[in-house]
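[1] mind looking at a prediction? Sequence and model below.
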Amino acid sequence: MKVLKSEEKKTSFILDANGAIVQNVENFYRFCAERKLMGVKCRSCGSVTSPPRPFCPKCLATVLEWTELKGQGELLTFTVIHFPPSQFQALAPYPVGIVKMYEGPHLPGIIKNVKSEDLKIGMRLQVDFESAIPKEWPRWPRYFFKSAV
Ligand SMILES: [Zn+2]
């Protein structure tokens, strides 16, 4: 497997035999390191999936291309985590939501800088990115949601 250095921030991406950036979760997080929320767009039906999958969940086509999302959406549902996995223990309790992104995908994520009691279904949220590198896979910065202003 070859690895390409991006021009912008020297992020390495996993490439296929043709030199294209492989559409997988690992590369999705590598894009997060460049503060880009990426998905894949189906060339057959146009639906957008994020994080990327090897096929379109709507029409099952396998020809997809990378597309950058605006990072904004509406809160569909949320829950508050009181007993998190060990790496998130310092954050608890914290809300996790599923956000319907402007482009269509439903993206799960931690919600920061909004108190649990202030969360409302349908409220607008936007993606932001951590700068810290986690100790566990994938060892790339994570995205999270915050209140859209
Ligand atoms: Zn499709």
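    That came through, no problem.
[2] alpha carbons only for contacts and neighbour counts from here, please
    Noted.
[3] residue 124: neighbour count?
    20 (other CA atoms under 10 Å).
[4] is it true that it touches residue 72?
    Yes: using CA atoms under 8 Å, residue 124 is in contact with residue 72, at 7.2 Å.
[5] which residues do those two both contact?
    Common contact partners of residue 124 and residue 72 (CA atoms under 8 Å, 6 or more residues apart in numbering): residue 148.
[6] now the top strand by length along the chain: buried residues?
    Criterion DSSP state E: the longest strand present in the chain is strand 72-81. By 16 or more other CA atoms under 10 Å, the buried positions in strand 72-81 come out as 72-76, 78, 80-81.
[7] could I get those as a markdown table with distance to the ion?
    Formatted as a markdown table, the buried residues of strand 72-81 follow (distance: CA to the ion, whole Å):
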| residue | distance to the ion |
| --- | --- |
| 72 | 22 |
| 73 | 21 |
| 74 | 22 |
| 75 | 24 |
| 76 | 22 |
| 78 | 27 |
| 80 | 33 |
| 81 | 34 |
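[8] residue boundaries of the helices in the chain?
    In the chain, the helices defined using DSSP state H lie at 25-32.
[9] what's the weakest-modelled helix or strand in it?
    Least confident helix or strand, the chain: strand 2-5 with a mean of 54, by mean pLDDT, DSSP states H and E.
[10] number of residues surrounding residue 87?
    10.
[11] please enumerate the strands of this structure.
    Under DSSP E, the chain gives strands at 2-5, 12-15, 38-42, 48-49, 64-68, 72-81, 94-101, 106-110, 124-129, 143-147.
[12] so which residues make contact with the fifth one?
    The one in question is strand 64-68. Here strand 64-68 makes contact (CA under 8 Å, 6+ apart) with 23, 36-43, 55-56.
[13] what about 10 Å?
    Strand 64-68 has contacts (CA atoms under 10 Å, 6 or more residues apart in numbering) with 21-23, 28, 31, 36-50, 52-56, 103.
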